[in-house]
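Participant: Sequence and predicted model, in that order:
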Amino acid sequence: MTQAPLQTENASAVGEESGADLVLGAITKRFGDFVAVEDLDLTIPAGKFFALLGPSGCGKTTTLRMVAGLEQPTSGTISIGGKDISRSGAHQRPVNTVFQNYALFPHMSVLDNVSFGLRRRKVRDARAQAEAALELVELSHLAARRPAQLSGGQQQRVALARAIVNHPAVLLLDEPLGALDMKLRRQMQVELKKIQTEVGLTFVHVTHDQEEAMTMADTVAVMNAGKVEQMGAPRELYELPRTVFVANFLGKSNLVAGDIVEDRGDAVVVNANGNRLAVLKERSTVQQGKALIGIRPEKLRMMWPQDAPADAANVLHGTVLDTSFTGVSTDYLVEVPGIGTVGVFSQNHGQQLAQPGDGVVLNWDTEHAFGLDGAEDAQYGAPEVDD
Amino acid sequence: MSVQAAADKTPAPDKRRGGSERGSGELKEERRRGRMGYWLILPGFLFLLLFFVLPVFSLLATSLYAKPPGADIGQFVPALEFNNYVRMLGSYWPELLRSFGFALIATAAALAIGYPMAYLIAVRLRHHALLRGILLVLIIAPFFTSFILRTQAWKQILADEGPVVSVLRTFALLPDDGRLTATAFAVVCGLTYNFLPFMALPIYANLERLDIRLIEAGNDLYASGFTTFRTVTLPLSMPGVIAGTLLTFIPAAGDYINAALLGNNRDTTMIGQVVDSRFFRVVDYPGASALSFVLMLAILALVFIYVRRFGTKELL
Ligand SMILES: Nc1ncnc2c1ncn2[C@@H]1O[C@H](COP(=O)(O)OP(=O)(O)O)[C@@H](O)[C@H]1O
Ligand SMILES: [Mg+2]
């Protein structure tokens, strides 16, 4: 797909700041007594696909609105490329938003919607650039239509084109795929990522869908109750969560509580109800006292008791409670006395499957475990049971 | 391939269904409801036929009646006396023009006052339910007192010793012997005041449904507050503006109370007053009817041109 016209010299005053980091410094937003965003520090590197991931109501939209200038922070600063924009109006910021419900102008054609921002900035070949942007989202044939005459997916693309065409330093997307059905959603995820790579803009993508954030973003910030819990590359967050919330919200985790009883130099050993579980020090946020040992379900090896390793560390004896065969893998729920239920994903290698009631042994490599603060509730951030 | 485990948390599949297959029962039901609609408009239709369409024809007929030689006062016979129109237009064209002039100025003034009022209540105070309710009641409250009384009150407000005149004189905006009562200014003030709610309420009803996010989208796309208003809010509220201006202009053009109470006998006479005096004082029924008919046609023509020009076909 060609989209050279989008890169013309007409990027103008606003577009120049493309390639500048967005920095939020100690941003707080209160609505009356309610703290929606609390002391938020965030640096979003230029040109990256950044995802702000968190459950509904955690302050994602509020954060975006403050960046866009549609909401004033109670305190803190927002800057782009070192320039403080906290005090400038929404219409003066080099930032554009793809709104949650698109907010397309119903009285204008698709083309007029897309060229709106360019015309406000008196860009000379606004029409040509708008047409190029429509081509980028493959909607050129609908340029003359009104938004009401488009499907949800098409409206979504118009909203995207309307924002991208301005070459903002930062493009804000507030759950842009939230209103689309599953299939279209997956398709748009791929497309959005492709478009981001093509135009090279900084995308800040807000979502509550952890899979969406992980598949699309270069960097994910997991947000909870107005704060960023952890930030990093998707793989980093998944492999080494630093809080219980992240461990539970991003994929599934088995968290086993215990006390640190031994220091082995590069690792510590936790006693969990008589079971000795090791975790590397660099993979643990605590070095002494109470700890939660986390292990992802797919990292667990399940074996018959007679095959259990002689080595006593990282071994749990249990009974299969429930199995669900999905073809590619089997999900097991294993009851471990004194510890609770542990989830296991076992890939289908053609092995014999365990049945409910079977006694099994679980084992894993020490370098896959992670250690979290034992004072936290092990269920925090996990989806509701009936989810 | 550890990350794949995360795929487990996919959102629940969409449960919405396409509504393509519809039973024939549903279609029948729809048709029945369509017919029901016709029955429901019947009373309104009959009412209009009886109290609007028939009187209009009666008016047209009366406007062409002739006065036979030697007839008593108020005695006319059916005829096709087109001269009635010539006679009336020849004598009263200044009053007709003045009526439209006054109505136009009053409509413009009501729009200038009513739109910001409606905007304030519907958009700015959208999340202040209490304040919004109070202001809406204030707009409607004048309807609870008599139209005549309220117009009479303007006489006091604009009186020679009243507050408005003394303030204007202080700032030399009015000569020391200048006055406001019994002037065209007073009549236009009365018209503006009396028809203001008819302007503000339709605009309010329209702006109340305006999606605030569209204003935010405008701001987000480099439009200042005023530009957003000009390019987004105002075009979207045009149906309300058109309804409001029509509801103000039409009755204002035919009004006679304001001119009678707040005007003088020289240069503020409106066509409604002329119709009134032809009918009740001179007892010239054909003349009064002809003038009424001309007024009606003129308003219809103006409204037609106006709606054609600013009409709602471009809007949702
Ligand atoms: N204008 C407002 N007034 C009061 N509370 C608000 C307002 N906007 C948002 N909130 C509250 O702030 C919290 C965060 O909201 P939001 O940023 O929209 O969350 P998210 O987008 O992550 O779902 C919510 O609890 C919400 O109720
Ligand atoms: Mg939100």
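Facilitator: That came through fine. Ligands and ions are numbered 1, 2, ... in the order given.
Participant: Helices along chain A, start to end?
Facilitator: Counting by DSSP state H, one finds helices in chain A at the ranges A:12-15, A:60-68, A:110-120, A:126-136, A:152-164, A:182-199, A:210-216, A:234-239, A:244-249.
Participant: how about these, which one is nearest B:R35?
Facilitator: With Cβ to Cβ, the closest approach to B:R35 among the helices of chain A belongs to helix A:152-164: 34.4 Å. Just so you know, the C-beta spots here come from the backbone N, C-alpha and C atoms, and that holds for glycine as well.
Participant: Can you give the distance of the closest one from its chain's centre?
Facilitator: Taking Cα atoms, centre = their mean, to the nearest Å, one finds helix A:152-164 lying 21 Å from the centre of the chain it belongs to.
Participant: Which strands or helices does it pack on?
Facilitator: Helix A:152-164 makes packing contacts with strand A:95-98, helix A:110-120, helix A:126-136, strand A:170-174, helix A:182-199 when contacts are defined by 3 or more Cβ pairs under 8 Å, 6 or more residues apart in numbering or on different chains; DSSP states H and E.
Participant: Please work out which residues outside it touch it.
Facilitator: Taking contacts as Cβ atoms under 8 Å, 6 or more residues apart in numbering or on different chains, the residues outside helix A:152-164 that touch it are A:6, A:96-99, A:102-104, A:110, A:113-114, A:116-117, A:130, A:133-134, A:136-139, A:142, A:147, A:150, A:171, A:173, A:176-177, A:179-180, A:184, A:188, A:192, A:195, A:199, A:201, B:221.
Participant: picking up where we left off before, and the helices and strands packed on helix A:152-164, which is most packed in?
Facilitator: By mean neighbour count, with neighbours taken as mean count of other Cβ atoms under 10 Å in any protein chain shown, strand A:95-98 ranks first of the helices and strands packed on helix A:152-164 at a mean of 28.
Participant: And the residue lying closest to A:V165 once chain neighbours are set aside, how far from B:F143?
Facilitator: What sits nearest to A:V165 in space, not counting adjacent residues and going by Cβ to Cβ, 6 or more residues apart in numbering or on different chains, is A:A133, at 3.8 Å. Distance, A:A133 to B:F143, using Cβ to Cβ, to the nearest Å: 51 Å.
Participant: Let me have the helices and strands packed on helix A:152-164 in TSV, extended by mean pLDDT.
Facilitator: Listed next are these as TSV, based on pLDDT from 0 to 100:
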stretch	mean pLDDT
strand A:95-98	96
helix A:110-120	97
helix A:126-136	94
strand A:170-174	95
helix A:182-199	89
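Participant: Ligand 1 is nearest to which of these?
Facilitator: strand A:170-174 (7.2 Å; Cβ to the nearest ligand atom).
Participant: Turn the helices and strands packed on helix A:152-164 into TSV, including distance to ligand 1.
Facilitator: Listed next are the helices and strands packed on helix A:152-164 as TSV, based on distance: least, Cβ to the nearest ligand atom, whole Å:
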stretch	distance to ligand 1
strand A:95-98	13
helix A:110-120	24
helix A:126-136	27
strand A:170-174	7
helix A:182-199	18
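Participant: how many other residues sit next to B:D176?
Facilitator: Burial measure for B:D176: 6 neighbouring residues, criterion other Cβ atoms under 10 Å in any protein chain shown.
Participant: Angles on the backbone of it, please.
Facilitator: Here is the backbone geometry of B:D176 (degrees, to the nearest 10): phi -60, psi -30.
Participant: Now do the SS call for the closest residue to it other than its chain neighbours.
Facilitator: Counting by Cβ to Cβ, 6+ apart, B:R169 is the residue found nearest to B:D176 once chain neighbours are left out, at 6.1 Å. Local secondary structure at B:R169 is given as helix here, using DSSP: H, G, I helix; E, B strand; the rest coil.
Participant: measure B:T192 to B:R179 for me?
Facilitator: The value you get for B:T192 to B:R179, if Cβ to Cβ is used, is 19 Å.
Participant: who's more crowded, those two?
Facilitator: Ranked by neighbour count (other Cβ under 10 Å), B:T192 and B:R179 place B:T192 first, with 24 against 16.
Participant: Regarding the residue of the stretch 101-250 of chain B found nearest ligand 1, what is its secondary structure?
Facilitator: Using Cβ to the nearest ligand atom, B:H127 is the residue of the stretch 101-250 of chain B that sits closest to ligand 1, at 7.8 Å. Using three-state DSSP, the three-state assignment for B:H127 comes out as coil.
Participant: how deep is it tucked in, by neighbour count?
Facilitator: If you count neighbours by other Cβ under 10 Å, B:H127 ends up with 8.
Participant: and if you look at A:G289?
Facilitator: Summarising burial for A:G289: neighbours were counted as other Cβ under 10 Å, giving 10.
Participant: in terms of contact, does it touch A:V261 like I think?
Facilitator: No - the pair A:G289 / A:V261 is not scored as a contact, 10.5 Å apart, by Cβ atoms under 8 Å.
Participant: Go ahead and confirm B:G240 touches B:N206.
Facilitator: Yes - taking Cβ under 8 Å as the contact criterion, B:G240 and B:N206 are neighbours in contact, 2.8 Å apart.
Participant: Which of those two has more residues huddled nearby?
Facilitator: Between B:G240 and B:N206, counted using other Cβ under 10 Å, B:G240 has the larger neighbour count: 25 against 21.
Participant: Name the residues of stretch A:233-251 that come out as buried.
Facilitator: Neighbour counts using 16 or more other Cβ atoms under 10 Å in any protein chain shown place A:234, A:237-251 of stretch A:233-251 among the buried residues.
Participant: no wait, stretch B:137-150
Facilitator: Under the neighbour-count rule (16+ other Cβ under 10 Å), stretch B:137-150 has B:I139 buried.
Participant: repeat for stretch A:329-339
Facilitator: A:S329, A:T330, A:D331, A:Y332, A:L333, A:V334, A:V336, A:I339.
Participant: Now flag whichever of those residues is closest to B:G44.
Facilitator: A:D331 (65.6 Å).
Participant: tell me which parts of the stretch 201-316 of chain B are close to chain A?
Facilitator: Of all the residues in the stretch 201-316 of chain B, those in contact range of chain A (Cβ under 8 Å from any Cβ of the partner chain) are B:211, B:213-214, B:216-225, B:227-228, B:231-232, B:235-236, B:314-316.
Participant: Just the buried ones from those?
Facilitator: Judged by neighbour count, with 16+ other Cβ under 10 Å as the criterion, the buried members of these are B:213-214, B:216-223, B:227-228, B:231-232, B:235-236.
Participant: A:S346 touches A:S329, doesn't it?
Facilitator: Yes - under the criterion of Cβ under 8 Å, A:S346 is in contact with A:S329, at a separation of 6.0 Å.
Participant: just wondering, since we're on B:D267, how far is it from chain A?
Facilitator: As defined by Cβ to the nearest Cβ, to the nearest Å, B:D267 lies at a distance of 43 Å from chain A.
Participant: May I have the phi/psi pair for the residue sitting nearest the centre point of chain B?
Facilitator: Closest residue to the average C-alpha location of chain B: B:L247 at 1.3 Å, with Cα atoms, centre = their mean. Geometry field for B:L247 lists phi and psi as phi -70, psi -20, criterion degrees, to the nearest 10.
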